[in-house]
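Participant: Sequence plus predicted model, see below.
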Amino acid sequence: MVKYKVISGAVPETLTSGQAVTFNFGLPDVPDRGSGLLFYMVDTREGEHAYRIEISGSFQCKIALPKGNNFATLHTPIGHLGQVNVLQFASEGGVAPVDILNVVLFYDS
């Protein structure tokens with residue numbers, strides 16, 4: 001059965017250069033294979049920014065955004081999920097801030 005967990009809402013968390021945005025969230029049970037699909041929106045403003053996604057300290061992926069004012073909905077497969085989780089978006093450089101909002105996790109259990 002596919003379940004979902006809303007991690008953040010429509011109010012953005014701003015990821016600035018050299019910083020990280022952290023979301024702590026729990027799940028009622030451990031997802032099948034400890035994995036899921038993360039959906040979220042970004043507003044890049046000026047763009048040309050890279051960030052990485054980590055779950056409870058485990059690297060998941062790195063995303064580079066092009067130059068320009070972009071607004072997009074992205075999805076990323078993630079693993080290392082348990083009942084207690086720490087999701088982190090960490091800046092990899094660049095000067096423009098990125099707004100991250102509407103973070104939702106879909107998973108099977």
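Facilitator: Yep, that arrived.
Participant: Pull the contacting residues for residue 104.
Facilitator: 4-7, 38-40 (CB atoms under 8 Å, 6 or more residues apart in numbering). C-beta here means a position set from N, CA and C on the backbone, and glycine is covered the same way.
Participant: Keep only those of those residues that are in helices.
Facilitator: Assigned to helices by DSSP state H, none of these qualify.
Participant: which residues in the protein form strands?
Facilitator: 2-6, 13-15, 20-26, 36-43, 47-55, 58-67, 71-78, 84-91, 98-108 (DSSP state E).
Participant: which helices and strands does the first one pack with?
Facilitator: Under the contact criterion of 3 or more CB pairs under 8 Å, 6 or more residues apart in numbering; DSSP states H and E, strand 2-6 touches strand 98-108.
Participant: Listing partners with orientation, what would you give for the lowest-mean-pLDDT helix or strand in the chain?
Facilitator: Using mean pLDDT, DSSP states H and E, the weakest-scoring helix or strand in the chain turns out to be strand 47-55, at a mean of 89. Strand 47-55 pairs in its sheet with strand 58-67 (antiparallel), strand 84-91 (antiparallel), by DSSP bridges.
Participant: Show me what the last one is in contact with.
Facilitator: Under the criterion CB under 8 Å, 6+ apart, residues 7, 13, 15-27, 38, 49-57, 98, 100, 103 lie in contact with strand 84-91.
Participant: which among those end up buried?
Facilitator: Burial by neighbour count, 16 or more other CB atoms under 10 Å: within the contacts of strand 84-91 this picks out 7, 15, 21, 23, 25, 27, 38, 49, 51, 53-55, 98, 100, 103.
Participant: Most widely separated two among the residues you listed?
Facilitator: 27 and 49 (29.2 Å; CB to CB).
Participant: from the buried ones among the contacts of strand 84-91, which is closest to residue 67?
Facilitator: Where those are concerned, and distances follow CB to CB, residue 67 has its nearest neighbour in residue 49, at 9.2 Å.
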